[in-house]
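Visitor: sharing a sequence plus its predicted fold:
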Amino acid sequence: MFNYTKVKLEKSMVDKIKRYAEIAGYSSPEEFITHALEKELAHLEDADSEEEIKKRLQGLGYMS
Amino acid sequence: MARQSATTKMARMRRMVLMAAVAGVVLASPRVADAYIGPGAGFAVLGSFAVLFVTMLVAGVSILAWPFRMLWRMVRRRTKSKPLVKRLIVVGFDGQEPRITERMMAEGRLPNFSKLAEQGCYSKLQSTFPSITPVAWSSFTTGANPGKHNIFDFLDRDPRTYLPRLSSTEIGSVDKVLKLGKLRIPLAKPTIRLLRKSKPFWTILGENNIWSTIIRVPITFPPDKFYGAQLGAMCIPDLLGTQGTFLLFTTRSSAERFQEGGLRFKLSANGSKDTFDGMIQGPENTFFEGNPPMELPLRIELDRPGRRALVAVNGEEVELLQGELSGWVKLSFKAIAGMKVTGICRMMIIEMDEEVSLYISPINIEPEKPVMPISHPSYYCSYLEKKLGPYATLGLAEDTWALNEKVIDDHTFMTQTRDIEDERESMLFAALDRLSKGVLVTVFDATDRVNHMFWRYTEDGHPAAEGIDDPEYANAIEEQYQRNDEVVGKVMARLGENDVLWVLSDHGCTSFRRGVNLNAWLLENGYLTLKEEADGSEEWLQSVDWSRTKAYVVGLVGIFLNIKGREVHGIVQPGEEAEALKAELKARLDGLVDAAKSEVAVNEIFDTDTLYRGPYKGNAPDLLVGYNHGYRISWDCAGGVVAGPVFEDNTKAWSGDHIVDPRLVPGIFLANHAINDDDPAIIDLAPTALTLFGIRPAAHMEGKPLVDGARFIRQNRSS
């Protein structure tokens, strides 16, 4: 409940998103919007450090 | 019926009282706040008073609003779905192999499986491409192919760095930090996001006022939010933020007896030949500059004649018998004054003669007051702990790594695995006895782990069984399947009228005798190039010259092309050049032969562009590798080492696997009702569940319901 916030979008845009979300295979318009934003953010965000990545995967049975 | 209804109401009343009591105890008890951690991301002050206050407020409002919510649900239910069944009980045995199941059923050794098959159906169950746990269970959950749920492997690769990362969970760091000298006070919680997309069928059931209890279904960390309860599973980390790192305290030097692996700590004699001291290094303390590990001193006092030891930690003493695992032991690490981080572990004295060694299992997040979100609602894990006692919370909880490294033996591993299975069974029956209507899904992991670790004893000449004569656990896999049969029998005995039971596995298992290093093959064949003077022995593809590399392997299941504009140093043009390269690799790798054994190692290479549909298919490897029986990605290749032979023997205890051509390792499906398809797939189960509750399958679901609603009612009325 506290992990979500509202963003205002033009109604015509939302209508279009609703129409295409299902065609594209999303389970909801929210998922469509989130994915679009995630793709854009991925270009801007920094990658995790090698050390941090190694640590998180440590102990995964399929690799060690 | 009236009596049963009264009993159910009483049970629900008792459940509510117990849950309210647990919520009260959990909220009211901590004198010292339990910090909220994210691996490598640190702690947040929100773990203390602010969270406590807000949680109590929410709990209070929730209790006051409960009668109105119930009334609203009753009103809405009249306009919502018309369920065909009362309860749907799903029991998952991860990795149960149909060839073994069918043979044992034919031999009469799985009587409850056979009885269930006679009542309804038995079939192989098509897995996903690839046939691995996170992918297959995500398709079970969503009814969609990986192109729609975004889980293609255990690992994803970061195209900015070519490094692997967990595919299912993203854990962010805390950017807002207040610096006070050496002290660092985080001003926000680290974000933890589930990367599995689409919508679980239990969320849709909840939208139609149908309750679900979901216990340990893989890829539920952090847990889903829906009308129901959920205990998370894969890939919940341990307290160190890893996927399960054991600790070894030993007086031995590192070159002796034990191979490398886990975390090794020095045990030092403390002025006596019977007393030894060590220091447990726990999670990083991000309250301090440089993130030093939190430490906890440990003392071992030996009683050599009695083959016993007393381990003193946290001001408590744990008595250990040599070679026997302790129960769960609580470890509380102090972060700063008034804040601690608590986990649970199991201990075992391995040796206590000239040399002394103590094994400590991966430190699981404590379920009573978890430092990360492992259940929904957040207090569900505490409720289970209060009701059933402490239990394993780690995603892959069985310590396969320690057995691979020969730090623990077969017996210890089996003890640990069976204890975890017993914990899970208690959860299943506690939830089943409480559930009056709705869905209960419980997944047991033991079958998969036992398949992985004991396959070596099921066939002659397995390289991992060399030199082991007459092993104690030669029949471990069959014994595990018989244990599963007993669980099924107990569930069947508790079924009522209009209850449906499904028993399934997400994939099967086969032999893993030889590892294939496809990065080494790509190097040999000119698709991958090393940096000048590099020999390829570095991990994580650090030796690779990306400006001269066309294809590479990261993760466990496929091959990526080094695509220009997608990978940071990509050189392959998308479109025609990429398509031609895929076709060329497929042509050369289809039917790849392991010359030393004269066996086909790779059955077929699959182009994921044609395999998947949906908005996330661009995140998949470009090619999926369908290994033959006996073959899998090698350990070196999985770790990003390019050097060495393409083919090598697998000598680790991890000797069975299912990272092969998915057509070779289907799962199983049994139900107490007939189905309308003789070749069902795991992707069909979510839409079938919705159909059983009178709900039309969602548009994003691609599986086909295995029952026809109208016919299902007629069949059940006539039987």
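Guide: Yep, it's here. Numbers count the residues shown, from 1 in each chain, chains lettered A, B, ... in the order given.
Visitor: farthest residue from the center of chain B?
Guide: When distances are taken from the C-alpha mean of chain B, B:Gly271 lies farthest, 43.8 Å away, according to Cα atoms, centre = their mean.
Visitor: which SS class is that residue?
Guide: With DSSP: H, G, I helix; E, B strand; the rest coil as the basis, B:Gly271 sits in strand.
Visitor: separation between it and B:Gly278?
Guide: 15 Å (Cβ to Cβ, to the nearest Å). (C-beta placed from N, C-alpha, C; glycine too.)
Visitor: kindly report the same for B:Ser253.
Guide: Going from B:Ser253 to B:Gly278 by Cβ to Cβ gives 15 Å.
Visitor: do B:Thr342 as well
Guide: 19 Å.
Visitor: any buried residues in stretch B:684-697, and which?
Guide: B:Asp684, B:Leu685, B:Ala686, B:Pro687, B:Thr688, B:Ala689, B:Leu690, B:Thr691, B:Leu692, B:Phe693, B:Ile695, B:Pro697 (16 or more other Cβ atoms under 10 Å in any protein chain shown).
Visitor: nearest residue to the first one in space, please, no chain neighbours.
Guide: Read it as B:Asp684. Ranked by Cβ to Cβ, 6 or more residues apart in numbering or on different chains and with sequence neighbours excluded, the top spatial neighbour of B:Asp684 is B:Gly703, at 3.8 Å.
Visitor: before we move on, what about the second one?
Guide: The spatially closest residue to B:Leu685, leaving aside those adjacent along the chain, is B:Phe140, at 5.5 Å (Cβ to Cβ, 6+ apart).
Visitor: on contacts alone, who are the packing partners of the longest helix seen in chain A?
Guide: Of all segments of type helix in chain A, defined using DSSP state H, the longest is helix A:29-44. Applying 3 or more Cβ pairs under 8 Å, 6 or more residues apart in numbering or on different chains; DSSP states H and E, one finds that helix A:29-44 makes contact with helix A:11-24.
Visitor: so the helix it packs on, near chain B or not?
Guide: Yes. With Cβ under 8 Å from any Cβ of the partner chain as the criterion, chain B is reached by helix A:11-24 at A:Glu22, A:Ala24.
Visitor: then that helix to CSV, C-alphas only?
Guide: Output of helix A:11-24 as CSV, limited to C-alpha atoms (Å, rounded to 0.1, in the frame of the first residue of the first chain):
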residue,chain,number,x,y,z
LYS,A,11,-6.5,10.2,-20.5
SER,A,12,-6.0,9.6,-24.2
MET,A,13,-2.5,8.1,-23.5
VAL,A,14,-4.0,5.8,-20.8
ASP,A,15,-6.7,4.7,-23.2
LYS,A,16,-4.1,3.8,-25.8
ILE,A,17,-2.0,2.0,-23.2
LYS,A,18,-5.0,0.0,-22.1
ARG,A,19,-5.7,-1.0,-25.7
TYR,A,20,-2.1,-2.1,-26.5
ALA,A,21,-1.2,-3.6,-23.1
GLU,A,22,-3.2,-6.8,-23.8
ILE,A,23,-2.0,-7.1,-27.4
ALA,A,24,1.6,-6.8,-26.3
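Visitor: ok so, going back, residues near the residue nearest to B:Asp684, how many?
Guide: Neighbour count of B:Gly703, defined by other Cβ atoms under 10 Å in any protein chain shown: 22.
Visitor: quickly note the distance from it to chain A.
Guide: Plainly put, B:Gly703 is 14 Å away from chain A if you go by Cβ to the nearest Cβ, to the nearest Å.
Visitor: so that residue, which of the three states?
Guide: coil.
Visitor: test my guess that it contacts B:Thr688.
Guide: Yes. Using Cβ atoms under 8 Å, B:Gly703 is in contact with B:Thr688, at 7.5 Å.
Visitor: about what we covered before: give me the more crowded residue out of B:Ser253 and B:Gly278.
Guide: Shown here are B:Ser253 and B:Gly278; by other Cβ under 10 Å, B:Gly278 has more neighbours (24 against 10).
Visitor: quick check, that one in a strand?
Guide: Yes. Judged by three-state DSSP, B:Gly278 forms part of a strand.
Visitor: which residues touch it?
Guide: Going by Cβ atoms under 8 Å, 6 or more residues apart in numbering or on different chains, B:Gly278 touches B:Phe249, B:Phe265, B:Lys266, B:Leu267, B:Ser268, B:Pro297, B:Leu298, B:Arg299, B:Ile300, B:Leu358.
Visitor: could you identify the buried members of those residues?
Guide: The neighbour-count test (16+ other Cβ under 10 Å) marks B:Phe249, B:Phe265, B:Leu267, B:Leu298, B:Ile300, B:Leu358 as buried among those.
Visitor: what about the fifth one, which SS state?
Guide: Looking back up the chat, that one is B:Ile300. Of the three states, B:Ile300 takes strand according to three-state DSSP.
Visitor: just for chain A, where's the confidence low?
Guide: Residues of chain A that meet the criterion pLDDT under 70 lie in A:1-2.
Visitor: over to chain B?
Guide: In chain B (pLDDT under 70), the answer is B:1-56, B:58-59, B:73-80, B:255-261, B:714, B:717-719.
Visitor: could you chop it up by domain?
Guide: Domain ranges of chain B: B:85-151+B:196-235+B:395-509+B:665-719, B:512-658, per automatic domain parsing.
Visitor: possible to save those as JSON lines with distance to A:Ala21?
Guide: JSON lines is the format used below for those (distance: least, Cβ to Cβ, whole Å):
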{"stretch": "domain B:85-151+B:196-235+B:395-509+B:665-719", "distance to A:Ala21": "9"}
{"stretch": "domain B:512-658", "distance to A:Ala21": "9"}
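Visitor: for the ones you listed, which one ends up most surrounded?
Guide: Stretch with highest mean neighbour count among the domains of chain B: domain B:85-151+B:196-235+B:395-509+B:665-719 (a mean of 21; mean count of other Cβ atoms under 10 Å in any protein chain shown).
Visitor: check the offset of that one from the chain's centre.
Guide: Counting by Cα atoms, centre = their mean, to the nearest Å, domain B:85-151+B:196-235+B:395-509+B:665-719 is centred 13 Å from the centre of its parent chain.
Visitor: and if you look at stretch B:227-244?
Guide: How far stretch B:227-244 lies from its chain's middle: 8 Å, per Cα atoms, centre = their mean.
Visitor: do the same with stretch B:353-362
Guide: Relative to the chain's own centre, stretch B:353-362 is displaced by 27 Å; criterion: Cα atoms, centre = their mean.
Visitor: how about the secondary structure of the most centrally placed residue in chain B?
Guide: In chain B, the centroid-proximal residue (Cα atoms, centre = their mean) is B:Met234; its distance is 2.8 Å. Recorded secondary structure, B:Met234: coil (three-state DSSP).
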